[in-house]
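# coords below, sequence missing:
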C-alpha cells in the first residue's frame, strides 16, 4: 500500500486552469480536486475541462455537497465526467459543510436535517452506482460518528474531515470509530494544513490560524518542511491508520514539491 497525493486547485481563468491541471499531472499528483462551493466554479464543467488537457490524473470534487443536487442530477454529471475523462472521475461527496445551508437556499435546494442530508448522500451513491458505467470510486467526507458510520458502510475511501487543529490522536479516534462500524477494508485520506511556516491564505486570514499555534498544539495537518521528516510522519500514519492518500492545498504546492519528490524518488 503506497501513499498517493492529490492537489486542490481552483480555476482563475480557462488558460490558467488548463496549465494548472497539466502541471499537477506532470508533477506526479494522482488526483486533481476542486471544491464545491457557491464561491468557486462548478466542479463538473471545470473537471471536464481538466480532463481534456490531461491523460492520467484522476478528477474529484472535494467534496460534492449532496443536498445541493438531486441524485438524478449528480448521476447525469457523473456519467458525463466518466465519459469525457475515460473513466478517471471519482465522486467525492458529503452531507455539506455546516455553513452551506445558505448556499442551498441560494440554489433553491432543501437543506434538511442532518439525518435527511445523510440519507441524500446514500441515495445519491446508490443512484450513481446503479446508473453510471463504469461506476466511479466513492469518497465520503466524514467527521461525526453518524457520518463516519455511513462512510464505513458505503465509501470506497473516507476523507477524514477533521478541522485544521485536529491532532493525530483525534485522527486515530476517527479511524477507530469508523472501523468499529464495519469489517470492510477501509482506506483513509487526510489533508495537509501547512508546511513549515506556510499556511494557505484562507486558514491564516479567515480562520485566524498561525503555523506556530497549530504546530505547538499538535495539529496533524502541519508537516515539517524537511522532506525526510515529513515522509516519516506520513509513512507512520499509512502503516498505523491506513491513511494512504494525502491532499495538498494548491497554495502549498511549491512548499510540498520537495516532499513529493522524495516519495517519487523512493518509488522509482
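Yep, that arrived. Predicted, not measured: the structure shown is a model, and the values here were computed from it. Numbers count the residues shown, from 1 in each chain.

# what packs against the helix or strand hosting residue 92?
According to DSSP states H and E, residue 92 maps onto strand 91-94. Counting contacts by 3 or more C-beta pairs under 8 Å, 6 or more residues apart in numbering; DSSP states H and E, strand 91-94 is packed against strand 58-61, strand 64-65, helix 71-84, helix 114-131, strand 138-142. Just so you know, the C-beta spots here come from the backbone N, C-alpha and C atoms, and that holds for glycine as well.

# quick check: mean pLDDT of the third one?
Spelled out, that is helix 71-84. If you average the pLDDT over helix 71-84, you get 98.

# if we can go back for a sec, would JSON lines of the helices and strands packed on strand 91-94 with mean neighbour count and distance to residue 199 be doable?
Compiled in JSON lines, those are given as follows (neighbours: other C-beta atoms under 10 Å; distance: least, C-beta to C-beta, whole Å):
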{"stretch": "strand 58-61", "mean neighbour count": "26", "distance to residue 199": "23"}
{"stretch": "strand 64-65", "mean neighbour count": "26", "distance to residue 199": "24"}
{"stretch": "helix 71-84", "mean neighbour count": "19", "distance to residue 199": "31"}
{"stretch": "helix 114-131", "mean neighbour count": "17", "distance to residue 199": "30"}
{"stretch": "strand 138-142", "mean neighbour count": "25", "distance to residue 199": "21"}
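
# of all the ones you listed, which one is nearest residue 35?
strand 58-61 (7.5 Å; C-beta to C-beta).

# which other residues reach that closest one?
Outside strand 58-61, the residues that touch it by C-beta atoms under 8 Å, 6 or more residues apart in numbering are 6, 30-36, 43-44, 47, 50-51, 81, 85, 88-93, 139.

# chain center to it: distance?
Centre-to-centre, strand 58-61 and its host chain are 9 Å apart (C-alpha atoms, centre = their mean, to the nearest Å).

# repeat for stretch 46-54
18 Å.

# what bits of the chain have low per-residue confidence?
Scanning the chain for pLDDT under 70 picks out the ranges 268.

# longest strand anywhere in it?
If you go by DSSP state E, the chain has its longest strand at strand 243-249.

# tell me which other helices or strands the following helix or strand past it touches.
Next in sequence after strand 243-249, counting helices and strands by DSSP H and E, comes helix 253-267. Where contact means 3+ C-beta pairs under 8 Å, 6+ apart, helix 253-267 is packed against strand 4-8, helix 14-27, strand 194-195, helix 227-241.
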